[in-house]
Every structure is written in C-alpha cells, then in structure tokens.
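K.L.:
let's see this in three dimensions:
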Amino acid sequence: MQKMIRKTVLFLSVSLMLAGNPLVLEAKTPQNVIENTTPAQTRRQRKAGPKNRKLIKQALAFIKSDGEKAAACLNKIRSQYDFEVGLRKVLNEYYSMEKEERGELKAFTRSVDDSAAAIIKHYREAARERENGKNLDYQVGEAVVSFYSGTSRKEIDRIMQETAAGYEVVDPGEVTIAEDLPEYKKKRLEKIRDLKTDIVILAKINLEDTVKRAKEKFKCYDCVVDASENTFLEADGTVETPHGMITTNDPYFNGIDQWNLKNINVSGAYQSLKNEQSLMEIWVAVIDCGVQMSHPDLNGKLLTTFSVDVTQGNMRLTDCADKRSKYGQYTANHGTMIAGVIAAKANNGVFGAGVASIADDEASGREVCKIMAIKCDSTVGYDRHITKSYLANAINFAVSHGAEVINISYSTKKKRFKPTEFRNLENAIKRAVSAGVCVVASAGNDGSERLRYPAAFEGVIGVGATLSNNEIAPYSNQSAAVDIVAPGGQRGKKIFSIRPVRGNRGGYGYGRGTSYSAPQVAATVALMKSVNYNLTPEQILTQLKKSASVTVRGKRNSSSRFPLLNTGRAVFMAKHRGRTLRSNKHYH
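P.N.:
Reported below is the predicted structural model:
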C-alpha cells in the first residue's frame, strides 16, 4: 500500500534588510503545533472531525484482528493533527495490553504512515523501560513533580491534563493538623500551621513517555520547581523466623536472646523512670511495610485510629499489612519486627519486651510509648521497597497526626543523586523537625562511607550498627551521616523481636542490619521525650552523643569514631535537663 506523504508546513518570516543585504529566512513552528503533543493536548487544541473520528473508531476495531487494516484506516486521515490523535489512541490500546497480546502491533507499525515513526519510537522506548522495571532503582510509569508554593490547583490540574495520564497530590504544601489530638500535641504543632512548602504531585505518565521524557516535559512549565524519578528506598534488615510458640513470662527478655538490651543499658533507663508519676505519652510512627495489628505482644500499644496505609488512598485500615499478597497479613514481617523492638509489651508472658516498654506501669495501666503504624510499602511479598513519594506522604501524615518520633528503617539504593532529586522528601523532614518531631533513620547496610538518605538529611538522626562485642558491624554504613550506633547483630547473634503470628506458628523472629539499630534509638528518644517533653530534636541528638559511654572505631576509616547508644545515660540526661552522670552502678 502506497503510504501518504505529509509535508510539514513552515511559516517563513522574511526580513528585508538594507539594500544589498541578503534575504534572511527564519523557519517557525506553527503556533498550534506542540512537539511531542500528548493526546490530552491534541484534544484541547481541536477535536477530530466527524469523518476522521469514524476512521479512528474503525482503526480501533481492527487492532486485535488485523493491524494492517487498522493502519489503513489511519492512513486515510489527511489532517496531521487528527492522524496523531488516532495514532496515539491505537498505540495506547496496544501498549495497555500484555506483551503476548500485541500480536498485530508489528503489522500495524509496519503499515502505518512514515510520519508516525517518531511517536512509535517513543512508545517502544517507554515500553522497554516498563518491562525492565525490576532492574531499575525507580518506579516506572511515575514521576514526582514539585510545584512552587502558591500554584493554584486549577493550574496544576491543567498541566497534568496536558502532560500526564493521571495524578495524585502527595503533599499539598501545608499541614492540616488532626482535630482529635491531645491539647499538648496540638500546641506543639501550632508552630508549623502556617508553614508553606512545595506542592508535590505523583504523576502517572503517559504510555508514550519514558520517565526521563516525562520529566523534561514537566520542567518546561515555569511553576514547576523540579521533576524527578520516584526513587526506591530499601529495607535495611533481614528477617528470619524460627517456628513454635513459647508463652512463659517474657521468655526472651534476657541477656541471651535480647542481648542488645544489655549492650545499650536499658536497665539504667528503668532506674531513672520506675518512680516517675508524670511521664508523657509519646507516639512513635513506624513507617514501614505494615504491622500486624492483632499481634499479642502489641496489644494496647498501637494507635489503631492513626495506623494507616498511604499506598492505597485508604487512610483508616484496621491492619496495615498487605492484603493483596498471597501471603496475606504475614508480609508485614519487617514492620512488625521494628514495632516490637520499640514497644513490644513487657511482663505479659509473651516473647520479649521493647526498649520503650520498660517505662510502662502495669498497676496503673500506664503505657508510655504508642506505635503509629504507617504502611508505605506498596510491593507484594518479600521485596521490601518504598518510594520517596509515599515516604514523604507518610512523614507528613505522622507529623500532622501527633507523632513525636518517626522511625524509618529504609535507605536509598542509588549511588549518585542530583541535589534536587529528594527535594520533596527533604521538605517533609524539615517540616517534621520544625514541629519538634525527631526523625530517626537507618544508615544502610552497604558497608561503605557513601551517604544514604534519609539518614543523611540535616536534622535526621542517622543510625549505624554494631556487633554483640560493640564493634562496628562490617555491613554498617560508616559515612558522615552516622550520628550514633546501636546493636544490629551478626550471624549467630541477631536482634530478637516479634513478627506476625500465623495460626499457632511464628510470633517471633530474628534479624540483623541497621534496620534494627534505628528503632532502639527511636525508643530511647521516646523515653527521653516522655520525661522531658520539650526537648528539641537538636537537643536530643546532643544528649544522645554526650551520654555515650563507648565510642566505636570505624572499619573503613580508623580515624572515625561513632558514639554507642546508652539508653540509661540518655534518659538520665533528659530527666536532669542535660546534666551528665559521673558514677552510678545502674548507668555504666
């Protein structure tokens, strides 16, 4: 079939100079032609005429049965605008199918007019990127777009209609403080009520675009601060599971299974707090892959009203675990273990005890530390990744709903970053710190001195890992972002915690990594805040460092020194307004 030849119309601007000067011809793109026009843009400019709409409809009817006929229908369209509208509709249908269902795609692309070549190439490149998604360190099909504060929602909606297939607002640029909070939490949050930051959008990009091409489109708008990949962060710890149920009185709260509690001097904190009558209730947000809300060792420790899933638009789930997986609620291993390290109930005859639970008083029913479980891991099964957009959303939720401490046991995978790539995440953390929220993050398990985020952001307490002998763990990141270290375990001596119960099996497990170091610090911070609520994040970090009785030598750089967490001394300093401890057998 002979293909149609379409000529590009050029508007020629003729500049006649003084006599004797040459004629200057300047080629201009027609005003109504937009390079890389998206379907939405084309529709906004002009709808296809009735005859051409009929041809497009006929082409769509043939896409599965006869690609050549589908192409023949489009080739009859003389208007380039209408032709591209139809072309994109057909290609959108093809690339919405599974790869094995696109049998007629090759025949279509072979037969369609030559002027379709550039657009077809874009679709192919974007499809290859999506198919290779498992090997990339960002989420395919998405882009994170930051708009300047003050950009109207109408303007954002217009831009998204022109350049994206859909979108959601992950950060409106301002905080809406939850109304049903205790007064002391509302008072603390007043300082950020009028704080304005970028408006952040998670855009679902068109099937025609790679993430790179989509970013370039977004950056053309003056109101866009930045557009970037929705980068992955990975969990910084392993999970291992013994079978069986042992239900004697906290059977693992000992120096063998929970050896880490001795190493960080939890008993010293108990001595400081056991007679305190006016401890504040502190909420720790565990931003992770979900928590088994029904676990017996978390009974009464979870804030069910504020435990949410930010990945599905449902902000009131009774169980944060991933119900879409064939493993059901039992995919929440990592998050449940983190919650257990912080606040597993003490003296209930089940498993072990969390660091912050040593301040609970059974007689009065006082529970100092509550867990706000925030699920932002959208993956199914055991591939524990989160994206920076969901993480920023989770941080904002935790702040506006009253958390005093945030634990993030995830870190970035990428080796190189542009300064603006994590702008939305950095803004969320700045807002948290401005609200007096202490953000604690694992430093990573790559054993390098490379900065990993969010631990490397200013204002975040970055936590490395030690072995049972208080030496730096060889897998622990040892960069300048490591503010303090805590036990992370090793082969044969891992960190004990709870994990999801499955019938009459499971309920506890072991893991290693900086994932489990961070929650020990987060729990210590919760105890410090409970006895001295007005401590700022900066003051807390200073006291954590000053209270360390041991400094750990780095393995990558022998001149590096990292303070080892001493929960007993840190709580003592918080209680006594920063006074250091000279000697006491309880606070070694």
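K.L.:
if I look at the residue positioned nearest the centre of the chain, how far off is Val200?
P.N.:
Centre of the chain computed as the mean C-alpha position; nearest residue by CA atoms, centre = their mean is Leu391, 2.7 Å away. Going from Leu391 to Val200 by CB to CB, to the nearest Å gives 12 Å. From N, CA and C alone the C-beta is placed, and that goes for glycine too.
K.L.:
again with Phe422
P.N.:
Distance, Phe422 to Val200, using CB to CB: 11 Å.
K.L.:
Met293: neighbour count?
P.N.:
The number of residues packed near Met293 is 21, by other CB atoms under 10 Å.
K.L.:
please enumerate the helices of the stretch 51-200 of the chain.
P.N.:
For the stretch 51-200 of the chain, helices defined by DSSP state H, counting those that start in this stretch occupy the ranges 67-75, 80-96, 105-111, 117-131, 153-163, 183-189.
K.L.:
which residues touch the closest residue to Lys301 other than its chain neighbours?
P.N.:
What sits nearest to Lys301 in space, not counting adjacent residues and going by CB to CB, 6 or more residues apart in numbering, is Ala343, at 4.8 Å. Taking CB atoms under 8 Å, 6 or more residues apart in numbering as the contact definition, Ala343 lies against 284, 298, 301, 354-357, 369-371, 523.
K.L.:
what do you get for Glu421?
P.N.:
Residues in contact with Glu421 (CB under 8 Å, 6+ apart) are 226, 228-229, 231.
K.L.:
what subset of the residues you listed is buried?
P.N.:
Applying 16 or more other CB atoms under 10 Å to the contacts of Glu421, the neighbour count classes 226, 228-229, 231 as buried.
K.L.:
format those as JSON lines; extra columns: secondary structure and distance to Gly488.
P.N.:
Output for those, formatted as JSON lines (DSSP: H, G, I helix; E, B strand; the rest coil; distance: CB to CB, whole Å):
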{"residue": "Asp226", "secondary structure": "strand", "distance to Gly488": "34"}
{"residue": "Ser228", "secondary structure": "strand", "distance to Gly488": "31"}
{"residue": "Glu229", "secondary structure": "coil", "distance to Gly488": "29"}
{"residue": "Thr231", "secondary structure": "strand", "distance to Gly488": "24"}
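K.L.:
widest-spaced pair of those?
P.N.:
Within the buried ones among the contacts of Glu421, Asp226 and Thr231 form the most distant pair, 12.8 Å apart (CB to CB).
K.L.:
next, count neighbours for Glu93.
P.N.:
Glu93 has 17 neighbouring residues, counting by other CB under 10 Å.
K.L.:
next helix or strand past the helix or strand where Ile386 lies?
P.N.:
Using DSSP states H and E, Ile386 sits within strand 385-387. Moving toward the C-terminus from strand 385-387, the next helix or strand (DSSP H and E) is helix 388-400.
K.L.:
output that following helix as CSV - backbone C-alpha positions only.
P.N.:
This file holds the C-alpha atoms of helix 388-400, laid out as CSV (Å, rounded to 0.1, in the frame of the first residue of the first chain):
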residue,chain,number,x,y,z
LYS,A,388,10.2,8.5,48.1
SER,A,389,6.7,9.9,47.3
TYR,A,390,5.0,7.5,49.7
LEU,A,391,7.7,8.1,52.3
ALA,A,392,7.2,11.8,52.2
ASN,A,393,3.4,11.4,52.4
ALA,A,394,3.8,9.1,55.4
ILE,A,395,6.1,11.6,57.2
ASN,A,396,3.6,14.4,56.6
PHE,A,397,0.8,12.2,57.9
ALA,A,398,2.8,11.3,61.0
VAL,A,399,3.6,14.9,61.8
SER,A,400,0.1,16.2,61.3
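K.L.:
just the mean pLDDT for the helix or strand following it, thanks.
P.N.:
Past helix 388-400, further along toward the C-terminus, the next helix or strand under DSSP H and E is strand 405-408. On average, the pLDDT along strand 405-408 is 98.
K.L.:
my guess is Ile156 contacts Ser146. True?
P.N.:
No - judged on CB atoms under 8 Å, Ile156 makes no contact with Ser146 at a distance of 11.0 Å.
K.L.:
and those two? Which one has more around it.
P.N.:
The residue with more neighbours, out of Ile156 and Ser146, is Ser146; 24 against 19, by other CB under 10 Å.
K.L.:
okay, that one and Lys215: tell me how far apart.
P.N.:
11 Å.
K.L.:
show me whatever sits in contact with both of those two.
P.N.:
Ala227.
K.L.:
distance of Arg53 from Glu93?
P.N.:
For Arg53, the distance to Glu93 - CB to CB - is 16 Å.
K.L.:
tell me the domain ranges of this protein?
P.N.:
31-131, 134-230, 235-553+563-587 (automatic domain parsing).
K.L.:
what is in contact with Ile156 and Ser146 at once?
P.N.:
Common contacts of Ile156 and Ser146 (CB under 8 Å, 6+ apart): 199, 201.
K.L.:
where does the stretch 51-200 of the chain have low pLDDT?
P.N.:
Residue ranges of the stretch 51-200 of the chain with pLDDT under 70: none are present.
K.L.:
do the chain as well
P.N.:
1-48, 239-256, 313-331, 347-351, 378-384, 414-419, 503-506, 556, 558, 578-588.
K.L.:
wait, Lys529 touches Ala403, no?
P.N.:
No - judged on CB under 8 Å, Lys529 makes no contact with Ala403 at a distance of 10.8 Å.
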